[in-house]
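Visitor: Quick one: sequence plus predicted model below, questions after.
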Amino acid sequence: MENIELRGFGADDRDWLVEQHSVHYAREEGFDESFGTLVAEILDAFLAKNDPARERGWIAWAEGRRLGSIFCVRLDDDTAKLRLFLLTPEARGRGLGRRLLETCMGFARDAGYRRMTLWTHESHRAAGALYARNGWSLVSRTPVVSFGQPNVEQHWSIDL
């Protein structure tokens, strides 16, 4: 899988991304349909009112197929939020996650943000390891029941 291209997220990517999140997290984590609903709401809000100078989404492509996504959105004037980071199973283990993360963080830095945050679940161990390797700090852990499953929410941050 060579020549992976990062393209800007567009409306034609929405349904694919909702489906990928819904299917993956139902299969891997037992999440209920409320997770797909949340992803759809996030994407619809992004499409309706994003500020292209300070917010962006990327879709990774190779050989005519989408392989993953990552988004940088505004939390406040100084803080960006990383959202909707996903790699399809066939894209994992090839350095694409690191490339997407570096692209997103570089954009946030260039857009004038001083820090980034993200929210995830402890069960996403590979993602947590990637964040830690790239200088992110685990800020908090909270036991929750979300999307129909017991889990531990994690909040991470990094100064840019």
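Guide: Now that the structure is in, tell me what you want to look at. If you're wondering where the values come from, they're calculated on a predicted model, not measured in any experiment.
Visitor: in this protein, which spans are strands?
Guide: Per DSSP state E, the chain carries strands over the ranges 5-8, 56-62, 65-74, 79-87, 115-121, 137-146, 149-159.
Visitor: Indicate which one of those is closest to Trp16.
Guide: The closest of these to Trp16 is strand 65-74. By Cβ to Cβ, the value is 5.7 Å. From N, CA and C alone the C-beta is placed, and that goes for glycine too.
Visitor: Walk me through which strands that closest one pairs with, and which way each runs.
Guide: strand 56-62 (antiparallel), strand 79-87 (antiparallel) (DSSP bridges).
Visitor: Dump the ones you listed into a markdown table; add distance to Tyr25, mean pLDDT and mean neighbour count as well.
Guide: Formatted as a markdown table, those follow (distance: least, Cβ to Cβ, whole Å; pLDDT from 0 to 100; neighbours: other Cβ atoms under 10 Å):
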| stretch | distance to Tyr25 | mean pLDDT | mean neighbour count |
| --- | --- | --- | --- |
| strand 56-62 | 18 | 97 | 21 |
| strand 79-87 | 9 | 97 | 21 |
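Visitor: Include distance to His155 when you put these into CSV, please.
Guide: Conversion of the strands paired with strand 65-74 to CSV gives the following (distance: least, Cβ to Cβ, whole Å):
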stretch, distance to His155
strand 56-62, 21
strand 79-87, 10
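Visitor: between these, which gets nearest to Glu41?
Guide: strand 79-87 (11.5 Å).
Visitor: Also compute the angle for that closest one relative to strand 149-159, please.
Guide: 130 degrees (axes from the mean of the first three to the mean of the last three Cα atoms, to 10 degrees).
Visitor: Run through who's touching strand 79-87.
Guide: Contact partners of strand 79-87, identified using Cβ atoms under 8 Å, 6 or more residues apart in numbering, comprise 17, 20-21, 24, 39, 42-43, 54, 57, 60, 67-75, 96-97, 100-101, 104, 108, 111, 113-119, 127.
Visitor: Using CSV, write down the CA coordinates of it.
Guide: C-alpha atoms of strand 79-87 as CSV (Å, rounded to 0.1, in the frame of the first residue of the first chain):
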residue,chain,number,x,y,z
THR,A,79,-6.8,25.1,22.0
ALA,A,80,-7.5,22.7,19.2
LYS,A,81,-9.3,19.4,19.6
LEU,A,82,-8.3,16.3,17.8
ARG,A,83,-11.3,14.3,16.6
LEU,A,84,-12.4,11.3,14.6
PHE,A,85,-9.0,9.6,14.3
LEU,A,86,-9.5,6.3,12.6
LEU,A,87,-7.5,3.8,10.6
